[in-house]
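give me a model of this one.
(chains A and B)
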Amino acid sequence: AQSVSQHNHHVILSEAASLELGCNYSYGGTVNLFWYVQYPGQHLQLLLKYFSGDPLVKGIKGFEAEFIKSKFSFNLRKPSVQWSDTAEYFCAVSNPNTDKLIFGTGTRLQVFP
Amino acid sequence: NAGVTQTPKFQVLKTGQSMTLQCAQDMNHEYMSWYRQDPGMGLRLIHYSVGAGITDQGEVPNGYNVSRSTTEDFPLRLLSAAPSQTSVYFCASSSKGKNIQYFGAGTRLSVL
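As a prediction, the model looks like this:
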């Protein structure tokens, strides 16, 4: 069965600091990988996705993620965070043959000015 | 663009009461799903549907029923609410094979 682990449950940063959120998945076959973001009081929005090709994918608002197949990882990065990045971030994985998403438990990011 | 619409936004129930959470999408998506979000547990899949007339269970289906009589609608029914069902519920839809899900704004449910 697929599963997703997000090791950072709560991250606190100052503005302009660099961000890296860890995501590891367990599944032996081909996967599609996603990062979703949930701003306070809002619904989930897609931040970026990886289906195939270049393992370094760029998303909205300056976020990027790198798929490392050998490590079963899909870490999210941003060189310089802003206060407006305060949100909860969810990593998710799916089998390309289905539309079922399996989510990690989420990482709460707080950015202070 | 309405996207995925969930009603109601908030609901308070007493233990044992029944209710239906509504979800509708106007994107002609084949795939629809219901998740519940609880602190520290992320989103967990309750039920999903790959098309009208077809539904299946997710990770946490107990206490919930669904049906899919049309492509647009995917209601979630709580037959006898329990305090353990206090949660935020999200509906999502995607086009088959596209693998990108679009989420509704959520329903915050409290069961007393």
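
in chain B, which residue is closest to the centre?
Chain B has residue B:34 as the residue nearest its centroid, 3.1 Å off, counting by C-alpha atoms, centre = their mean.

my guess is that one meets residue B:46, correct?
Yes. If you go by C-beta atoms under 8 Å, residue B:34 and residue B:46 touch, sitting 4.4 Å apart. All C-beta atoms are positioned from the backbone trio N, CA, C, and that covers glycine.

where do the contact lists of those two overlap?
By the contact definition C-beta atoms under 8 Å, 6 or more residues apart in numbering or on different chains, residue B:34 and residue B:46 are jointly contacted by B:58, B:64, B:66, B:76, B:89.

between those, which sits nearest chain A?
The shortest approach to chain A among those belongs to residue B:58, at 7.5 Å (C-beta to the nearest C-beta).

and the shared contacts of residue B:34 and residue B:46 as TSV, adding pLDDT and distance to residue A:51?
Converted to TSV, those look like this (pLDDT from 0 to 100; distance: C-beta to C-beta, whole Å):
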residue	pLDDT	distance to residue A:51
B:58	91	22
B:64	97	31
B:66	97	28
B:76	98	29
B:89	97	28
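
kindly reformat these as JSON lines and extend each row with secondary structure.
Shown next, in JSON lines, are the shared contacts of residue B:34 and residue B:46 (DSSP: H, G, I helix; E, B strand; the rest coil):
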{"residue": "B:58", "secondary structure": "coil"}
{"residue": "B:64", "secondary structure": "strand"}
{"residue": "B:66", "secondary structure": "strand"}
{"residue": "B:76", "secondary structure": "strand"}
{"residue": "B:89", "secondary structure": "strand"}
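
now those residues: which count as buried?
Taking 16 or more other C-beta atoms under 10 Å in any protein chain shown as the criterion, what is buried in the shared contacts of residue B:34 and residue B:46 is B:58, B:64, B:66, B:76, B:89.

secondary structure element for the residue most central in space within chain A, which one?
The residue lying closest to the centre of chain A (C-alpha atoms, centre = their mean) is residue A:35, at 3.5 Å. In this structure, residue A:35 sits in strand A:32-38 according to DSSP states H and E.

what residues does that strand touch?
A:23, A:25, A:44-51, A:59, A:63, A:65, A:67, A:74, A:76, A:87-96, A:101, A:103, A:106, B:99-100, B:103.

many thanks, I have nothing further to ask.
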